[in-house]
Structure formats: structure tokens, C-alpha cells
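Trainee: Return a 3D structure for these sequence lines:
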Amino acid sequence: MLTKGFEVEMYTGTPQGEIVGLSDRIVADLEGFIREPDSRNVEYTTAPFCRYERLLCELVRPRVRLRQYLAKLGNYTLIPGSTLALGGGDRFYRSDPANPYHDYIEQTYGTTVVTASIHINIGISDPEMLMRACRLVRVEAPLYLALSASSPFLNGKITGNHSSRWSVFPKTPAHVPLFDSHRHYIQWTEEQLVLGTMRNVRHLWSAVRPNGDRRPYNLNRLELRISDLMTDPIALLAITALLESRLTQLMTDPSLDPLKGSSLSPEDLVALTDANELAVAHRSLEAELRHWKDDRPLLARDWIAELYEEVWGFAKAKGFSCFLSPLKKILREGNEAQRWLKNIDQGLTPHDVMIQAIEAMEFQEAALSDDLCQPLVA
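Mentor: Numbering: from 1, shown residues only. Predicted coordinates for the structure are as follows:
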């Protein structure tokens, strides 16, 4: 099994859905949390583990600690979703006013970057295999957004997008190629730094990127960045299991490399993938996409169902197929954005939906910590 870890960004605020900036206090008082440029969300990172059972506890335990801390500050809680759902998009709330890089982010992007998401990291130590993995995950990244979409609201309005986050997020640089080798990635990164399209090696904000301790030279993991925030840890582990299974399959089947297995040129693959990302940001599981292998049209949910059948045997052989199974529920019942929009159709307002979602997240978290992680939480 491959190692897996998560970077989890979350909003803090009130039970009524108002997002409140508390990250400066959280980071000062709680170990394991780091600030984002805007103070209204905060991030924690899990250590890399192979076993999904341990990852489940590592996802839940920091949230329990954070909730306990927020309760001491006042009537504060954690807020689901990946955008400023009920308001606050009119201004930036700096978490570190003295940070010059944060100056640049605020002045260049404004509140389009004040989003919350999940970054899934999968350990791959061989740099050329990592590049191959990034190529495959790049062209299939829209499927992970389709499963995770959780931002149909922005500033109190229904936007018409299932992932309002990805529809507005400033992907940077504007054009990112499929890297055909580690050397290509190094040369391209060095060029971007000279041109100024990237301010530093972290300033590659695409759906997926190679990651490591000394980018772009020393790399050890793939980072999938496209996913909206999934507050349900079971659902998050399900899409992680899909990702790990697909990468395991790739390691046995070189034809899954898009540079070898597609009828399209590398430039056309990038254009096709960019279009698929936009389609999924709009309609998630119901989006019509084009397959990278042969440009055939299919719905996102049907593509995911195909992948599920392809990789099931790999997950079963590695002993984690039970963590893959919840994907069926997402395909059957919809992702979080779709479920919220169904509530809108039944007469609720975005404010009503968010209050219910805040309560549901807290209830689920408490149940998981009691059942699975109590010794760790204590």
C-alpha cells in the first residue's frame, strides 16, 4: 500500500453560518495548525500512513481538538463547504499582515483564494513514476472534483455551479503542460520563476502537482489539489482509495500513461482536461466530459463507475476495498453540493442549508470520535 496524507483547510465561525477569522489565535495556541493568508480558515496536516483505519483517526482527532478549543473562545464551530457561502467575499481578512507573500496574494487574487479544500498526498518516491502518475491524475482530476463538490453557494447566493470554488479559483500559471519527465518539470519550473508567472516553487496552483521537500528537485509524493472540502471522512477515504487503486493499476499497466495511451496530442489533452474541469465545476457528477483516451463523450458519474469496476480488484488485493465501497453511495445519492441543492428545491434557503450542514458535521464527527478514535482523542 502507498502512503497517504491530507492537508485539510476549514472555515471557523458561528453555528449560524457566519465565518469568523480566528486562525491567528488557533495557530498560537494549538500545535499542528497553520494559517492561511486569510484568517477565516485554518489548515491541519496529517502524517503519511498506509492504513486507512489510522488515517480515519488522523482526520478526526485534530477536528475534535479544534472544536474543544473553539468552545473555549466562545460560541464558535467549524463550517463545511469550500467557499464563503453566506457572505464575506467583499474583503480580505489578513492573518499575517507583515507577510509580503500574503501582500501579493491579496493584491493579485483577492478573495477568490479564500476557499477551503482537501489536498490528498500519495507517496511515490521514484521521480519518473511520479511524473507518470501526475499525468494520469491530471487528466482524471475532474472526476475527484465531481465526487467532492461542496460549494454551490457564494456570498449568500446560489451560483449555478456545484463547485463555486473551482469555478473562481485562480489556477496558476494559466497554462501547465503534461510533464514528460522529471527534467521537463525542473526546467519548466525554473523558467516560470524567471518569468515571474510563479513567485516561488509553491506557486503552482493546478489540479495536481508533484510535491516534495525540495521542489522541483527532490520529490516524493503526488498532491491532488482539485477536491472541494469533504467533511465526511468516510467519503474522503473513499475517493482516496479510488486514487490509490488507480495509481496501483498504473504501476502495472504503462498504457495508462496519457502520453502513451491516448489518441490525442499532449496539447489537446491539456485543453480537453481544462474543459472537463470547468464542466465538472458547473455540474459535477452530471457533467458531460470527454475521455482522455479517445475523446468520446460520457457523463462524469458513468466514467467514475467505469473506473470503480476497473480498480476494484486492485483495492481488494491490497485489503482496502471496504474503504472504496462508499463511492457507490455518492454516485447513488449525490455529492454534498447536489444534496444541498435538493434541499433548496424543497424550499430551504442557503442559510437554512448551511445551519443544517454545520449541525450534521458536528454530529458525525462526535460519533466517529466516540466509536473509532477515543483512545487517540483522549
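
Trainee: which is the next helix or strand following the top strand by length along the chain?
Mentor: The longest strand of the chain (DSSP state E) is strand 4-13. The helix or strand immediately downstream of strand 4-13 is helix 23-29, counting by DSSP states H and E.

Trainee: Adjacent strands (with direction) for the helix or strand following that following helix?
Mentor: Once the chain leaves helix 23-29, the next helix or strand it forms, by DSSP H and E, is strand 33-35. Neighbouring strands of strand 33-35 in its sheet, by DSSP bridges, are strand 41-45 (antiparallel).

Trainee: what angle separates the helix or strand hosting Ala366 from strand 4-13?
Mentor: Assigned by DSSP H and E, Ala366 belongs to helix 350-371. Angle between the axes of helix 350-371 and strand 4-13 is 130 degrees (criterion: axes from the mean of the first three to the mean of the last three CA atoms, to 10 degrees).

Trainee: Can you tell me what sits against helix 350-371?
Mentor: Helix 350-371 is contacted by residues 15-17, 56, 60-61, 63-64, 67, 77-81, 85-86, 153, 156-158, 231-233, 336, 340, 343-344, 348, 377 when judged by CB atoms under 8 Å, 6 or more residues apart in numbering. For glycine as for every other residue, the C-beta is placed from the backbone atoms N, C-alpha and C.

Trainee: can you do 7 Å?
Mentor: 15-17, 60, 63-64, 77-81, 85-86, 153, 156, 158, 231-233, 340, 343-344, 377 (CB atoms under 7 Å, 6 or more residues apart in numbering).

Trainee: So which residues of the stretch 251-378 of the chain form strands?
Mentor: Per DSSP state E, counting those that start in this stretch, the stretch 251-378 of the chain carries strands over the ranges 288-290, 297-299.

Trainee: May I see those strands organised as a markdown table, with mean pLDDT added?
Mentor: Below are the strands of the stretch 251-378 of the chain laid out as a markdown table (pLDDT from 0 to 100):
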| stretch | mean pLDDT |
| --- | --- |
| strand 288-290 | 98 |
| strand 297-299 | 98 |
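
Trainee: Could you list the low-pLDDT ranges of the chain?
Mentor: Applying pLDDT under 70 to the chain picks out residues 372-378.

Trainee: how close does the one residue sitting closest to the centre of it sit to Leu278?
Mentor: Geometric centre of the chain, nearest residue: Ser227, 2.7 Å, by CA atoms, centre = their mean. Distance check for Ser227 against Leu278: by CB to CB, to the nearest Å, it reads 16 Å.

Trainee: Counting neighbours, what do you get for the nearest residue to His175 once chain neighbours are set aside?
Mentor: Spatial nearest neighbour of His175, chain neighbours left out: Val270 (7.4 Å); criterion: CB to CB, 6 or more residues apart in numbering. Using other CB atoms under 10 Å, Val270 has 18 neighbouring residues.

Trainee: distance of Val270 from Ser163?
Mentor: Computed as CB to CB, the Val270 to Ser163 distance reads 20 Å.

Trainee: So what's the gap between the strand or helix carrying Arg165 and the chain middle?
Mentor: Taking DSSP H and E as the criterion, Arg165 maps to helix 164-168. Helix 164-168 sits 12 Å away from the centroid of its parent chain (CA atoms, centre = their mean, to the nearest Å).

Trainee: Give me the phi and psi for Arg94.
Mentor: For Arg94, the backbone dihedrals are phi -70, psi 130 (criterion: degrees, to the nearest 10).

Trainee: Just confirm it contacts His102, I think it does.
Mentor: Yes - the criterion here is CB atoms under 7 Å, and Arg94 meets it with His102 at 6.2 Å.

Trainee: For Asn200, give me its contacts.
Mentor: Neighbouring residues of Asn200 by CB under 7 Å, 6+ apart: there are none.

Trainee: one more time with 8 Å, if that's ok
Mentor: Counting by CB under 8 Å, 6+ apart, the residues that Asn200 touches are Tyr101, Leu193.

Trainee: what sits against Ile26?
Mentor: Neighbouring residues of Ile26 by CB under 8 Å, 6+ apart: Thr12, Phe33, Arg35, Val42, Leu66, Tyr69.

Trainee: So for stretch 114-124, what gets flagged as buried?
Mentor: Along stretch 114-124, these residues count as buried under the neighbour rule (16 or more other CB atoms under 10 Å): Val114, Thr115, Ala116, Ser117, Ile118, His119, Ile120, Asn121, Ile122, Gly123, Ile124.

Trainee: of all the residues you listed, which comes closest to Ser148?
Mentor: For these, the residue nearest Ser148 by CB to CB is Ile118; the value is 6.9 Å.

Trainee: Apart from its neighbours in sequence, what residue is nearest that closest one?
Mentor: Nearest non-adjacent residue to Ile118 (CB to CB, 6+ apart): Ser227, at 4.6 Å.

Trainee: Thought Ala174 was touching the residue nearest to His175, still the case?
Mentor: No - Val270 sits out of contact with Ala174 when judged by CB atoms under 8 Å, with a separation of 11.2 Å.

Trainee: Residues that sit against both of the two, list them.
Mentor: Counting by CB under 8 Å, 6+ apart, nothing touches both Val270 and Ala174.

Trainee: For Ile118, which three-state class applies?
Mentor: strand (DSSP: H, G, I helix; E, B strand; the rest coil).

Trainee: Do I have it right that it meets Leu236?
Mentor: Yes - using CB under 8 Å, Ile118 is in contact with Leu236, at 6.3 Å.

Trainee: shared neighbours of those two, anything?
Mentor: With CB under 8 Å, 6+ apart, Ile118 and Leu236 have common neighbours Phe6, Ser148, Met230.
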